[in-house]
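**Q** build me a model:
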Amino acid sequence: MRKKQKKQILKIGGIIIALVFISVFFILRMYSNVTNTTTFIINPGDSISAVARRVSNENLVASESVFKIAIRLNGGKVQSGEYEITRGSSVWKIARMFAHGKIATTDILIPEGLTIRQVKDLLSKTEYLSGDVECEPGSNWGEACQVSDGDIFPDTYRVARGTHRMAVIALAQKKMQDIKMRWRKSLKAPPAPLKDWNDVLVLASIVQKETPKTSEMRIVASVYLNRLRRGMRLQADPTVVYALTDGYGDMRGQPLLRDHLKIDSPYNTYRNNGLPPAPIANVGAHAIRAVLDPADTSYLFFVADGRGGHKFSKDFDEHLKNRLDWREIKRQNNPEFEEAFK
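**A** Below is the predicted model:
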């Protein structure tokens, strides 16, 4: 009889342990109090107890004690940062997120061809970032405080939410510095008559602004290199726009007129020979490659073709014909259009 009772007690005990295990597993891994995706911030120095109290008070977990157990099972610590707790997140998932610092991130896209002023405007309006885009006295952002056009690499940067805007600029600057160092280590000389990395970036920035089509960039680069070799002025409209807008790089809907080409500026390639003194935009990999490895052409001129690309020509007579074709396309699209230059 006693053996039977013992077996029954053990059986019941086993069932109870199994039920407890299943219950704990369900509460930790399956059950969720989170009905809507929410943001939760852990500040530096916050204790486990303080965090547990807050997630309980905000009804993100059913039990403060169970949350503490989950944290201990995940290493017994929480890391500061901004977290995105998605709908249906279990206690275990939240605890693991906090313990391993799986903070919320955001993707910051810096498009190719923007100037520093445009990039700063963009970052100023970007959500999930903090701080200003200008350095305050005594700030420790170093070289990022003196960033100029050509210094940053346009790309998509994944950063933690709450990242300082100057930190994004510093990241983009560091990436461009790395690209510059790789080029220097390659010992590859730029095509004549370019002399150094600054010349490469200057011409790449003009190529970047002249065409959005990567398939054309090597040809556009060849045109400008051919003109430089012949001592011809580049006559690149984007350099005039840069001068007119005090380095902003966008006419903001205003047309570029013939009189604008007379502006007295070292960036005006209609009045000055050679390259401008510095880049007029921040350039991507395609534009840099185009300048370092230009197409082998005899082209000296190009004009828009009305389809997002350009028509290229070797002599001025052919260029005049292409200009007339472009003018007709503009007239058809806008009867009031008057060619202001070229």
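**Q** please make it C-alpha for all contacts and neighbour counts, starting now.
**A** OK.
**Q** find the nearest non-adjacent residue to H310, please.
**A** Leaving aside its sequence neighbours, H310 sits nearest to A304 (CA to CA, 6 or more residues apart in numbering; 4.2 Å).
**Q** what's the answer for N43, then?
**A** S80 (5.1 Å).
**Q** touching, the one you found and I41? I think so.
**A** Yes - look at S80 against I41 with CA atoms under 8 Å: they come within range, at 7.3 Å.
**Q** neighbours around the residue nearest to N43, how many?
**A** Burial of S80 is recorded as 16 neighbouring residues (other CA atoms under 10 Å).
**Q** likewise E84?
**A** E84: 17 surrounding residues under other CA under 10 Å.
**Q** where along the stretch 51-200 of the chain do the strands fall?
**A** Assigned by DSSP state E, counting those that start in this stretch, the stretch 51-200 of the chain shows strands spanning 81-85, 105-109, 156-160.
**Q** can you tell me which helices and strands the host helix or strand of A204 packs against?
**A** Using DSSP states H and E, the element containing A204 is helix 197-210. Packing partners of helix 197-210 (3 or more CA pairs under 8 Å, 6 or more residues apart in numbering; DSSP states H and E): helix 214-230, helix 237-244, helix 285-292.
**Q** P154: which of those helices is closest?
**A** helix 285-292 (8.7 Å; CA to CA).
**Q** which parts of that closest one are buried?
**A** Neighbour counts over helix 285-292 (16 or more other CA atoms under 10 Å) mark A285, H286, A287, I288, A290, V291, L292 as buried.
**Q** contacting residues around the residue nearest to H310?
**A** H310, K311, W326 (CA atoms under 8 Å, 6 or more residues apart in numbering).
**Q** just read off the phi/psi values of it.
**A** phi -60, psi 150 (degrees, to the nearest 10).
**Q** shaky segments in this protein?
**A** For the chain, applying pLDDT under 70 flags the ranges 1-31, 333-342.
**Q** and it, what are its domains?
**A** Taking automatic domain parsing as the domain assignment, the record places the domains of the chain at 14-100, 106-185, 197-333.
**Q** which parts of the stretch 1-150 of the chain are helices?
**A** In the stretch 1-150 of the chain, the segments counted as helices under DSSP state H, counting those that start in this stretch are 2-25, 48-57, 64-73, 91-100, 116-124.
**Q** so which bits of the fourth one are buried?
**A** If you call a residue buried by 16+ other CA under 10 Å, then helix 91-100 has these buried ones: V91, W92, K93, I94, A95, R96, M97, F98, A99.
**Q** save those as a markdown table, and put in distance to A236 too.
**A** As requested, these are arranged in a markdown table below (distance: CA to CA, whole Å):
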| residue | distance to A236 |
| --- | --- |
| V91 | 61 |
| W92 | 60 |
| K93 | 56 |
| I94 | 56 |
| A95 | 58 |
| R96 | 56 |
| M97 | 52 |
| F98 | 54 |
| A99 | 55 |
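**Q** quick check, nearest of the residues you listed to D296?
**A** M97 (54.6 Å).
**Q** which of the contacts of A304 fall in helices?
**A** Among the contacts of A304, the residues falling in helices (DSSP state H) are W326.
**Q** turn the contacts of A304 into TSV, columns for distance to A52 and neighbour count.
**A** TSV is the format used below for these (distance: CA to CA, whole Å; neighbours: other CA atoms under 10 Å):
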residue	distance to A52	neighbour count
H310	62	20
K311	66	16
W326	68	19
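**Q** I48 reaches F67, doesn't it?
**A** No - applying CA under 8 Å as the test, I48 and F67 come out as separate, 9.3 Å apart.
**Q** which one's more surrounded, those two?
**A** Neighbour count, other CA under 10 Å: between I48 and F67, F67 has more, with 27 against 20.
**Q** which ones are touching T38?
**A** Residues in contact with T38 (CA under 8 Å, 6+ apart) are E84, I85, T86, R87.
**Q** oh sorry, the question was meant for L129
**A** Per CA under 8 Å, 6+ apart, neighbours of L129: L123, R161, G162, T163, H164, R165.
**Q** recalculate using a threshold of 7 Å.
**A** R161, G162, T163, H164, R165 (CA atoms under 7 Å, 6 or more residues apart in numbering).
**Q** quick revisit: how close does the residue nearest to H310 get to P276?
**A** Applying CA to CA, to the nearest Å, the value for A304 to P276 is 23 Å.
**Q** done for today, thanks.
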